[in-house]
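> the sequence isn't on hand, but the structure is:
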């Protein structure tokens, strides 16, 4: 399944390359434009504007996430539809931003504070806080794809993040390091490729494929219960067969000269 995920991420990214670059450019323009604008302002005036720009950036990321979820589902989306998603996502985006702020404060304030106590209790509390932050970060990887594909309220989406994490710990860790690789590539392309939009696409693809597992488990719940199985072997080849057929075989020539296929 992972090999197919990597292939689908690449193919979907290539097929929507120009729009993904466009979305990344919008995000880069918000960051760059905001930076140069704030550099000309005194600190007391710049802080509230910086907060507003940061929140606008996060809201835009959530709107782009809605579009990449549709790309993952083999759909095409007009660019204007991405901006029309803003009224639908701004509340969750702001709540998510608040959650990230809390995590950052815990990581930068609480963990060093406990560690500097220089005793066993402080070391224990610092360790607890550290693993708490790591767990929440791994869980929140799934927040945006869950929000885009299931459309749950914030609290329910947050809860499902942990359900997905603990039921797919290995896969979640893989996605974390895969994202680090994509982020490293993005650094050398000034965040244009794959950038934030490409990373969002990869998570939406990952979650969309992972949902097949739960559909299959629900369909075979009675059978598994009768067999007394707590965990089942997931027939990924069967579950992704339709997606594999829809994606089709892709040759190198088809990427460079798609009109010749």
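On my side now, so go ahead. Treat the numbers as computed from the prediction; the structure is a model and nothing was measured.
> quick check: buried residues in the helix or strand hosting residue 134?
If you go by DSSP states H and E, residue 134 is part of helix 120-140. When neighbours are counted by 16 or more other C-beta atoms under 10 Å, the buried residues of helix 120-140 are found to be 125-126, 129-130, 133, 136, 138-140. In this view, the C-beta of every residue, glycine as well, is placed from N, C-alpha and C.
> what residue ranges in this protein score low on pLDDT?
Using pLDDT under 70 as the threshold, the predicted model of the chain has low-confidence ranges 229-230, 251-261.
> list the contacts of the residue nearest to residue 130 when sequence neighbours are not counted.
Among residues not flanking residue 130 along the chain, residue 111 sits closest, at 5.7 Å (C-beta to C-beta, 6 or more residues apart in numbering). Remark: with contacts taken as C-beta atoms under 8 Å, 6 or more residues apart in numbering, residue 111 is in contact with 126, 129-130, 133.
> and those residues as a markdown table, adding distance to residue 197?
Conversion of these to a markdown table gives the following (distance: C-beta to C-beta, whole Å):
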| residue | distance to residue 197 |
| --- | --- |
| 126 | 36 |
| 129 | 32 |
| 130 | 31 |
| 133 | 26 |
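> which of those sits closest to residue 97?
Of all those, the one with the least separation from residue 97 (C-beta to C-beta) is residue 133, at 16.6 Å.
> now do the contacts for that closest one.
For residue 133, the contacting residues are 103, 106-107, 111, by C-beta under 8 Å, 6+ apart.
> of those, select the buried ones using a PyMOL command.
The command below creates a PyMOL selection of those among the contacts of residue 133 that count as buried (16+ other C-beta under 10 Å):
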select buried, resi 107+111
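> which among the contacts of residue 133 gets closest to residue 206?
Distance from residue 206 was checked for each of those by C-beta to C-beta. The minimum falls on residue 103, at 21.6 Å.
> can you name the element that comes right after the helix holding residue 134?
Once the chain leaves helix 120-140, the next helix or strand it forms, by DSSP H and E, is helix 143-150.
> pull out the buried positions in that next one.
Within helix 143-150, the residues that count as buried by 16+ other C-beta under 10 Å are 143-149.
> buried stuff in the longest helix along the chain?
If you go by DSSP state H, the chain has its longest helix at helix 43-72. Taking 16+ other C-beta under 10 Å as the neighbour-count basis, helix 43-72 is seen to contain the buried residues 46, 50, 53, 57-72.
> now the element after that helix, going C-ward?
Helices and strands here follow DSSP H and E; after helix 43-72, the next one along the chain is helix 79-84.
> for that next one, which outside residues touch it?
Contacts of helix 79-84 from elsewhere in the structure, counted by C-beta under 8 Å, 6+ apart, are 19, 22-23, 63-64, 66-67.
> buried stuff in it?
In helix 79-84, residues buried by neighbour count (16+ other C-beta under 10 Å) are residue 82.
> what angle separates the helix or strand that that helix is followed by from helix 120-140?
Later in the chain than helix 79-84, the nearest helix or strand by DSSP H and E is helix 86-105. Angle between the axes of helix 86-105 and helix 120-140 is 160 degrees (criterion: axes from the mean of the first three to the mean of the last three C-alpha atoms, to 10 degrees).
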